[in-house]
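[1] I would like to see how this sequence folds:
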Amino acid sequence: MIVTEKCKFDYDCFVCLQHPIVVQDYNYNGYYDFQPTAKFEKPIVVKAIDKPKNQQDFSKIPGIPGVDYPLYHTVPPTTFSCAYVPFVPGMYANVETGCQAYHICHDGREGHQGASFLCTNGTLFNQRDFGCDWWYNVNCAEAPALYK
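    Okay, the predicted model is just below:
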């Protein structure tokens, strides 16, 4: 392998001289021979989850799913349209989804609803702060008044 060395100055003539130097090829297989310095004592065992993978655990979210907060897994179709919002660009809560969905309206390249997003379960889009927050911190009914 040939690598170019950084400039070395020849102080007698003040000229920067560059010349190639030959570097031995590196042996990357040495990585596999690496041995840790600490001794291995016992394996770390990860316990399997008893629940099936398709069920979600809502036990850590206060409230009742589907009652206190909406429970969407994708943004549902609604009548929301960026044509009816006062400012573009902007971020807007979708009250038809209980504010779990929100839209970013901009130049129209994402369609009439703009770019649509969903807050994670247990959170709603807070129109006051422009972010997802716990459901008990958000008053979804006041979102349209905050569009302005």
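[2] how about the strands in this protein?
    In the chain, the strands defined using DSSP state E lie at 2-4, 8-10, 15-17, 20-22, 90-93, 101-105, 115-118, 123-126, 131-134.
[3] which residues are in contact with stretch 62-69?
    58, 61, 71, 98, 100, 121-124, 134-136 (C-beta atoms under 8 Å, 6 or more residues apart in numbering). (Glycine included, C-beta is placed from N, CA and C.)
[4] Below-threshold pLDDT in this protein: ranges please.
    Along the chain, the model assigns pLDDT under 70 to residues 1-40, 43, 48-58.
[5] Going along the chain, name the helices of it.
    143-146 (DSSP state H).
[6] could you dump the contacts of stretch 62-69 to CSV with neighbour count and distance to residue 83?
    As requested, those are exported to CSV (neighbours: other C-beta atoms under 10 Å; distance: C-beta to C-beta, whole Å):
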residue, neighbour count, distance to residue 83
58, 15, 36
61, 17, 35
71, 15, 29
98, 20, 22
100, 27, 22
121, 17, 30
122, 20, 31
123, 19, 27
124, 26, 24
134, 15, 31
135, 22, 29
136, 12, 32
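[7] Looking at these, spot the one nearest residue 114.
    Using C-beta to C-beta, residue 100 is the member of these that sits closest to residue 114, with 16.0 Å.
[8] about what we covered before: of the contacts of stretch 62-69, closest to residue 112?
    Set against residue 112, the nearest of the contacts of stretch 62-69 by C-beta to C-beta is residue 100 (19.8 Å).
[9] how many neighbours does residue 108 have?
    Counted with other C-beta atoms under 10 Å, the neighbours of residue 108 add up to 11.
[10] can you pull the contacts of it?
    By C-beta under 8 Å, 6+ apart, the contact list for residue 108 reads residue 82.
[11] Make residue 1 into 12 and carry on from there
    Got it, first residue is 12 now, which makes that one residue 119.
[12] distance of it from residue 155?
    Distance of residue 119 to residue 155, given as C-beta to C-beta, to the nearest Å: 21 Å.
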